[in-house]
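**Q** Quick check, what structure comes out for this input:
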Amino acid sequence: MTDTELELPQGWVKQAFDLCISNIIGGDWGSPVKEEIDNDFVKVQVLRSTELKNWKMEKGSTAESRIIKKSSLEKRQLHNGDIILEVSGGGTKFPVGRSVLITTSITDNFSVPIICSNFFRKITLSQFLDPMYASNFLDYYYGSGETIKFKNQSVNIQNLKTKEYLSTLSIPIPPLNEQKRIVSKIEELFSRIDSVKQSMENTKLQLEQYRFSLLKSVFEGKRLVKTGEVCDGIVPGRYKPQKFDGDIPWITTPDLDGLYISKSKKNLCVSKEEVKKVRMKIMPKQTVLLTCVGDLGRICITKNEVVPNQQFHGFVCTEKILPKYLAYALTIQIRQMFSASTSTTISYMNKTICNNLKIPLASSIEEQEQIVSQIEQGFSLIENTTQIVESSLQNLQTMKMSILKQAFEGKLVPQDPNDEPASMLLEKIKSTKESQNTKQRRMKNVK
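**A** Numbers count the residues shown, from 1 in each chain. Prediction:
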């Protein structure tokens, strides 16, 4: 929260977050589980980022079983009221700065003690700061994007300078009773928002189901033919270009985004000489490309000549079928593709399988055009509705951030003049912290 914000309400104080921490310790991966566990060790389960869906623990989540020394369990075990802070990660999937409050709904998922991996710090708060209040504040601060200035980035991993971050992070502290009222109000409002959000998410699923139902209905009753009867199959070359100094786009599966494709996202292009040299294949304009390795069934139509890698199969349509019609007809054959594929570890469809895929064929080009028009009208409605839903979901998230902002400015619930002021609370926190530091210094001297 910045210095330009409004003054805090009477009875509130602002303090560095690290003062409100009773203890902080890094995570631990432990050791692999052995058949026989030595008496000095105990079995635990380790929470990782992957266990936290949308940064909330899901019911039935599992964690990796490990063993750690009994002597370190007491300080590493996660208890109700602890906060784990992600301090190491990468990209948008595991960004640093996220935190989650450990509650009984999490600990009750496991029959053995839980700890966190070394991508986290375990934070135990002062008894004078409500854990849910602190957790909401960290959520708000993370959501505001302020944490990025404390990141130490390497090539693939981002690391949070934890001590600097927590010492520089200022938390507004209201009286303890007001903290609890704020938490209660946040939970009430968030519950309403989450209910609406769930309804919106269900709408998204229904729209996807409608998309498939629309395709299924327009092709229902049409005669099934093999793709080889209406298309000429082209198999890409097996080799990767060595030079990208030409003008023909080199296409790979990450480049697929929408029904049409015209270039690679990295603007990689090859020359005709390179195509001939490494025996690749040029796919002409209006070729329907189908992924036939790994992630089967992704489809696009080329807007111009392209050279795809070996993960595609190309269908060059004859006068019997429109490229758009073929693309939509193939879309509903995903199950057929997987059942027909050969696989050891990666699903794969060879040229024969691709050319033998069965698609529903309309009797004339005119009927195909009518079906394509019907599909696109339905898809346009679905897309418009989806955009409205996505916008609404974003608005709900904005509402949550607005609620948190009001909470930490003292505007969410009324103040009670009978509450013990936070200044007295702060004195208790400082006194406890000093006592704890003195005890630690004495223990070090003894050692």
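**Q** Every contact and neighbour count from this point should use C-alpha atoms.
**A** Fine.
**Q** Please enumerate the helices of the stretch 101-250 of the chain.
**A** 104-107, 131-143, 162-168, 176-219, 227-230 (DSSP state H, counting those that start in this stretch).
**Q** gap between the second one and the chain center?
**A** On the basis of Cα atoms, centre = their mean, to the nearest Å, the separation between the geometric centre of helix 131-143 and that of its chain is 20 Å.
**Q** Can I get that helix in PDB? Just the C-alpha atoms.
**A** The C-alpha coordinates for helix 131-143 follow below in PDB (Å, rounded to 0.1, in the frame of the first residue of the first chain):
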ATOM      1  CA  PRO A 131      -4.300 -15.000  10.600                       C
ATOM      2  CA  MET A 132      -7.100 -14.600   8.200                       C
ATOM      3  CA  TYR A 133      -6.700 -10.800   8.300                       C
ATOM      4  CA  ALA A 134      -3.000 -11.100   7.500                       C
ATOM      5  CA  SER A 135      -3.700 -13.700   4.700                       C
ATOM      6  CA  ASN A 136      -6.200 -11.400   3.100                       C
ATOM      7  CA  PHE A 137      -3.700  -8.500   3.300                       C
ATOM      8  CA  LEU A 138      -1.000 -10.600   1.500                       C
ATOM      9  CA  ASP A 139      -3.600 -11.500  -1.100                       C
ATOM     10  CA  TYR A 140      -4.400  -7.900  -1.700                       C
ATOM     11  CA  TYR A 141      -0.800  -6.800  -1.800                       C
ATOM     12  CA  TYR A 142       0.100  -9.600  -4.200                       C
ATOM     13  CA  GLY A 143      -2.900  -8.800  -6.400                       C
END
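**Q** So which residues make contact with that helix?
**A** Helix 131-143 has contacts (Cα atoms under 8 Å, 6 or more residues apart in numbering) with 1, 81-83, 97-101, 125, 147, 171, 179-180, 182-183, 401, 404-405, 408.
**Q** again, 7 Å this time
**A** Here helix 131-143 makes contact (Cα atoms under 7 Å, 6 or more residues apart in numbering) with Gly81, Gly97, Arg98, Ser99, Val100, Leu101, Leu125, Gln179, Val183, Met401, Leu404.
**Q** Around the third one, count how many other residues there are.
**A** Arg98 is surrounded by 20 other residues when neighbours are defined as other Cα atoms under 10 Å.
**Q** tell me the contacts of it?
**A** Arg98 neighbours (Cα under 7 Å, 6+ apart): Leu85, Glu86, Tyr142.
**Q** hmm, back to that, can you list the helices of the stretch 101-250 of the chain in CSV and add mean pLDDT and distance to Gln436?
**A** Converted to CSV, the helices of the stretch 101-250 of the chain look like this (pLDDT from 0 to 100; distance: least, Cα to Cα, whole Å):
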stretch, mean pLDDT, distance to Gln436
helix 104-107, 83, 27
helix 131-143, 92, 19
helix 162-168, 86, 17
helix 176-219, 95, 21
helix 227-230, 92, 75
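**Q** who wins for most neighbours among the contacts of helix 131-143?
**A** Ranked by the number of neighbours (other Cα under 10 Å), these place Gly97 first, at 26 neighbours.
**Q** Tell me the pLDDT of it.
**A** Note on Gly97: pLDDT of 83.
**Q** ok, and it, which helix or strand is that part of?
**A** Using DSSP states H and E, Gly97 falls within no helix or strand.
**Q** Next, count neighbours for Val46.
**A** Val46, neighbours per other Cα under 10 Å, totals 24.
**Q** just Gly30 next, same as before
**A** Neighbour tally, Gly30, other Cα under 10 Å: 21.
**Q** What of Ile365?
**A** Neighbours of Ile365 using other Cα under 10 Å come to 15.
**Q** Reduced to three states, what does the closest residue to it other than its chain neighbours come out as?
**A** For Ile365, ignoring the flanking residues on the chain, the nearest one in space by Cα to Cα, 6 or more residues apart in numbering is Ile321 at 6.6 Å. What DSSP: H, G, I helix; E, B strand; the rest coil gives for Ile321 is coil.
**Q** any idea of the pLDDT on Ile321?
**A** Model confidence at Ile321 (pLDDT) stands at 95.
**Q** Check Gly145 too.
**A** On the pLDDT scale, Gly145 gets 67.
**Q** what do you get for Lys447?
**A** 55.
**Q** Glu64 too?
**A** Glu64 is given a pLDDT of 79.
**Q** The host helix or strand of Leu381 packs against which elements?
**A** Taking DSSP H and E as the definition, Leu381 sits inside helix 365-408. Where contact means 3 or more Cα pairs under 7 Å, 6 or more residues apart in numbering; DSSP states H and E, helix 365-408 is packed against helix 176-219, helix 323-331.
**Q** Please produce a markdown table containing those helices, extended by distance to Leu396.
**A** As requested, the helices and strands packed on helix 365-408 are exported to a markdown table (distance: least, Cα to Cα, whole Å):
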| stretch | distance to Leu396 |
| --- | --- |
| helix 176-219 | 7 |
| helix 323-331 | 33 |
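**Q** Any stretches of the stretch 251-400 of the chain with poor pLDDT?
**A** 343-344 (pLDDT under 70).
**Q** Most neighbours among the contacts of Arg98, please name it.
**A** Among the contacts of Arg98, Glu86 has the most neighbours (other Cα under 10 Å), with 26 neighbours.
**Q** The helix holding Leu381: how far from the chain's middle?
**A** On the basis of Cα atoms, centre = their mean, helix 365-408 sits 19 Å off its chain's mean C-alpha point.
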